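Asker: predicted model follows, preceded by the sequence.
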Amino acid sequence: MKDSKLNMYGGAIGGSFPLLIFIVGMIVLTFSGNGGMTSFWAIGWLAFFLGIFLAKNKSDYCAALIRGVANSNGAVVITLYLFAGVFGQILTAGGLIEGLLWVGLEVNVQQNYFALLALLCTMFFSLATGSSVSTAAALTPVLYPAGILLGADPVMLAVGILAGAGFGDNVSPHSDTTIASAATQNASIREVVLARMPMVIIAALVSMLIIFLTGGGGEVVSAQQMGVDVDPSGLLMFISVLVLITAVFLNRHMIEAFVWGIVSAALLGILNGSIVLSDFFHIPKESGVSSGLIEDGILSISNTMIFVLIILAITQIMVESGAIDRILDFVTKKVAKGVRSAELSIIFVTTLISTPISHNTVAALLVGPGFVRKIGDRFNLSPSRKAILMDCSVTTLYFTIPWHSTIITWYGQLSLAANKWGIPLPNILTLIRTPGLFLSSLLLLPLQAGNELMLLKRMMKAQRYEYVLNRVAFSRAVFI
């Protein structure tokens with residue numbers, strides 16, 4: 001393990017202090033009914049402000065904060081935010097919401113049926129892009145207001161959108177978590193994806209059933225009550241989503257894919273008469289008035305970007321203080337004594353480390369090259385086995401923790417949509433406790449055991465790795 005770069009009074013506990021302040025502050029604000037992105041900013045700022053008094057060298061502490069903000073993984077996420085926010089804004093301006101409302105009213109896709117449709121749309125988008133963050137940023141502003149006006153249950157609709165966004169993170173070959181877990185263990189991405197596919201599909205089917213059974217019950221608002229002109233021409237905007245997905249499948253960079261999606265969305269919006277060129281950018285006649293859709297798209301995601309920067313700074317303090325290294329060293333020396341305990345250690349430690357860190361790929365990169373690989377090699381675990389356990393662990397409970405990047409993106413977009421359309425906004429803690437998301441995430445671990453025999457046969461047939469049958473029996477005994 002690397003030596004700590006940042007010396008804190010209290011050692012690892014002092015290094016964890018800013019994160020603890022941040023988490024406790026968010027919980028208190030949320031339960032008091034005052035939780036929200038901007039109030040969380042203040043708690044985050046207070047956390048790293050107080051942390052400096054525990055640093056033995058204040059200059060090192062300040063430098064660590066800056067390194068956290070400058071984190072390359074965070075820069076990727078924020079850049080994607082900029083493009084996804086503008087893309088979502090153009091989809092909305094192009095009449096996609098009105099098109100979905102037309103489908104709901106004319107074809108009777110309402111209440112639980114629309115909630116299920118929203119889940120399927122986000123699953124497809126995230127599977128193609130491999131990004132839960134981009135999915136939440138681009139589709140939440142469109143699907144949530146349309147669903148509420150068509151009588152979907154606010155909680156289950158919102159949870160369905162988030163669960164669909166997480167689907168691609170779990171199983172898409174384009175997913176950064178899949179790539180990170182496979183690459184750090186020298187495993188085949190194809191084998192990792194094929195092994196995880198059955199369990200993720202079963203979890204998705206359970207989610208679909210729960211969303212279908214509980215996603216309705218609201219009041220369907222008539223076109224007159226909505227105060228909007230429902231129009232099927234807005235459905236043309238879906239073509240731009242297909243353009244974006246096609247660009248991803250052609251191995252274009254994600255940002256380039258968004259560029260093509262934005263270009264096609266702009267052209268389609270102009271074609272259906274919903275947008276004119278000046279809507280994208282113009283010189284405002286009055287100070288403080290928006291300059292157009294580009295500005296609106298960036299503003300729609302700006303609260304989330306600031307939150308991500310705060311989280312990255314706080315996380316860096318914990319990493320550089322040696323708090324995470326202490327956890328990894330303890331498990332390596334004291335807990336992992338055999339194959340069974342080694343596998344459980346990978347699951348436990350990867351989940352534990354991903355909890356305070358705002359981005360699951362960062363967590364995978366943090367534990368993969370050192371801890372997971374070291375433990376796995378020590379007990380002769382196959383590369384694919386290590387990658388699957390790690391990938392599974394960073395894409396389960398991650399989607400129930402409110403300070404993680406996908407969650408804050410999703411909830412930030414929900415908040416903006418609720419304010420714009422005057423529709424309900426469920427409490428964030430109520431959302432993360434709902435059965436649809438909770439069961440979907442917990443199913444991934446037990447289903448890992450159920451899929452083990454299939455993976456074993458594939459490996460033995462290919463004669464790539466030696467595998468032990470009692471590992472399957474143990475996995476079933478522990479998880480099922």
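Answerer: Okay, I see it.

Asker: use CA for all of it now, contacts and neighbours both
Answerer: OK.

Asker: point out where the stretch 301-450 of the chain drops to low pLDDT.
Answerer: By pLDDT under 70, the low-scoring segments of the stretch 301-450 of the chain are 336, 358, 370, 429-450.

Asker: gap between the helix or strand hosting residue 341 and the chain center?
Answerer: In this structure, residue 341 sits in helix 339-354 according to DSSP states H and E. Counting by Cα atoms, centre = their mean, to the nearest Å, helix 339-354 is centred 21 Å from the centre of its parent chain.

Asker: ok, and for it, which residues are buried?
Answerer: Buried residues in helix 339-354, defined by neighbour count with 16 or more other Cα atoms under 10 Å: 339, 342-347, 349-354.

Asker: which one among those gets closest to residue 275?
Answerer: Nearest to residue 275, judged by Cα to Cα, of the buried residues of helix 339-354 is residue 354 at 42.2 Å.

Asker: count the neighbours of the closest residue in space to the closest one that isn't next to it in sequence for me.
Answerer: Once its chain neighbours are removed from consideration, residue 354 has its nearest residue in residue 363; the separation is 5.0 Å (Cα to Cα, 6 or more residues apart in numbering). Burial of residue 363 is recorded as 23 neighbouring residues (other Cα atoms under 10 Å).

Asker: immediately after the helix or strand hosting residue 363, which helix or strand?
Answerer: When secondary structure is defined using DSSP H and E, the element that contains residue 363 is helix 360-367. Tracing the chain past helix 360-367, the next element assigned as helix or strand by DSSP H and E is helix 373-378.

Asker: tell me what that next one is packed against?
Answerer: Using 3 or more Cα pairs under 8 Å, 6 or more residues apart in numbering; DSSP states H and E, the elements in contact with helix 373-378 are helix 339-354, helix 383-394.

Asker: what's the mean pLDDT across stretch 164-182?
Answerer: The average pLDDT for stretch 164-182 rounds to 82.

Asker: residue 323: neighbour count?
Answerer: Using other Cα under 10 Å as the criterion, residue 323 is surrounded by 18 other residues.

Asker: nearest residue to it in space, ignoring adjacent ones along the chain?
Answerer: Nearest residue to residue 323, sequence neighbours excluded (Cα to Cα, 6+ apart): residue 12, at 4.2 Å.

Asker: so that neighbour makes contact with residue 319?
Answerer: No. Contact criterion Cα atoms under 8 Å: residue 12 and residue 319 do not qualify, at 9.3 Å.

Asker: longest helix in the chain, please.
Answerer: In the chain, taking DSSP state H as the definition, the longest helix is helix 293-320.

Asker: can you pull the buried residues of that helix?
Answerer: Of the residues in helix 293-320, those scored as buried under the neighbour-count criterion (16+ other Cα under 10 Å) are 293-294, 296-305, 307-320.

Asker: now the helices and strands packed on helix 373-378 as JSON lines including distance to residue 410?
Answerer: Converted to JSON lines, these look like this (distance: least, Cα to Cα, whole Å):
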{"stretch": "helix 339-354", "distance to residue 410": "18"}
{"stretch": "helix 383-394", "distance to residue 410": "18"}
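
Asker: what's the closest of the ones you listed to residue 253?
Answerer: helix 383-394 (22.4 Å).

Asker: with only the CA atoms kept, save stretch 400-419 in CSV.
Answerer: Taking C-alpha atoms only, stretch 400-419 is exported to CSV below (Å, rounded to 0.1, in the frame of the first residue of the first chain):
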residue,chain,number,x,y,z
THR,A,400,-29.0,3.6,-2.8
ILE,A,401,-26.6,6.1,-1.4
PRO,A,402,-27.6,9.8,-1.9
TRP,A,403,-24.1,11.4,-2.3
HIS,A,404,-23.0,9.3,-5.3
SER,A,405,-22.7,10.9,-8.7
THR,A,406,-25.6,9.1,-10.4
ILE,A,407,-28.0,9.7,-7.5
ILE,A,408,-27.3,13.4,-7.3
THR,A,409,-27.6,13.8,-11.0
TRP,A,410,-30.9,12.0,-11.0
TYR,A,411,-32.3,13.8,-8.0
GLY,A,412,-31.1,17.2,-9.2
GLN,A,413,-33.0,16.6,-12.5
LEU,A,414,-36.1,15.5,-10.6
SER,A,415,-36.0,18.7,-8.5
LEU,A,416,-35.7,20.9,-11.6
ALA,A,417,-38.5,19.1,-13.4
ALA,A,418,-40.7,19.3,-10.3
ASN,A,419,-40.2,23.0,-10.0
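
Asker: what lies in contact with that stretch?
Answerer: Where contact means Cα atoms under 8 Å, 6 or more residues apart in numbering, the residues beyond stretch 400-419 that reach it are 37, 132-133, 136-137, 140-141, 144-145, 158, 162, 300-301, 303-304, 307-308, 311, 355, 357-359, 398-399, 423-425, 428-429, 432-433, 437-438.

Asker: among those, which ones are in helices?
Answerer: Among those, the members falling in helices are 37, 132-133, 136-137, 140-141, 144-145, 158, 162, 300-301, 303-304, 307-308, 311, 428-429, 432, 437-438 (criterion: DSSP H).

Asker: how far off helix 293-320 does the one helix or strand residue 410 maps to point, in degrees?
Answerer: When secondary structure is defined by DSSP H and E, residue 410 falls within helix 405-421. For helix 405-421 and helix 293-320, the angle between their directions (axes from the mean of the first three to the mean of the last three Cα atoms, to 10 degrees) works out to 150 degrees.

Asker: what's the angle from helix 405-421 to helix 360-367?
Answerer: 170 degrees.

Asker: pull out the buried residues from helix 405-421.
Answerer: Going by 16+ other Cα under 10 Å, helix 405-421 has these buried residues: 405-418.

Asker: same list, these, but as CSV with distance to residue 128 please.
Answerer: Output for the buried residues of helix 405-421, formatted as CSV (distance: Cα to Cα, whole Å):
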residue, distance to residue 128
405, 19
406, 17
407, 20
408, 22
409, 19
410, 18
411, 22
412, 23
413, 21
414, 23
415, 26
416, 26
417, 25
418, 27
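
Asker: show me which of these is closest to residue 252.
Answerer: residue 406 (22.4 Å).

Asker: any low-confidence regions in the stretch 51-200 of the chain?
Answerer: Under the criterion of pLDDT under 70, the regions of the stretch 51-200 of the chain flagged as low confidence span 73.

Asker: can you pull out the helices in it?
Answerer: 58-69, 72-93, 96-106, 112-129, 132-149, 154-171, 176-184, 189-214 (DSSP state H, counting those that start in this stretch).

Asker: packing partners of the shortest one?
Answerer: Spelled out, it's helix 176-184. Helix 176-184 packs on helix 154-171, helix 189-214, helix 360-367, helix 383-394, going by 3+ Cα pairs under 8 Å, 6+ apart.

Asker: what residue of this protein is the furthest out?
Answerer: With Cα atoms, centre = their mean as the measure, the chain has its most outlying C-alpha, relative to the mean C-alpha position, at residue 285: 38.7 Å.

Asker: state the phi and psi torsions of that one.
Answerer: Comment: the main-chain dihedrals of residue 285 come out as phi -80, psi -20, following degrees, to the nearest 10.

Asker: distance of the closest residue to residue 25 other than its chain neighbours relative to residue 86?
Answerer: In space, not counting the residues next to it along the chain, residue 25 is nearest to residue 43; the distance is 6.0 Å by Cα to Cα, 6+ apart. Taking Cα to Cα, to the nearest Å as the criterion, residue 43 is separated from residue 86 by 28 Å.

Asker: when those two are compared, which one has more neighbours?
Answerer: Neighbour totals were compared for residue 43 and residue 86, and residue 86 leads with 26 against 20 (other Cα under 10 Å).
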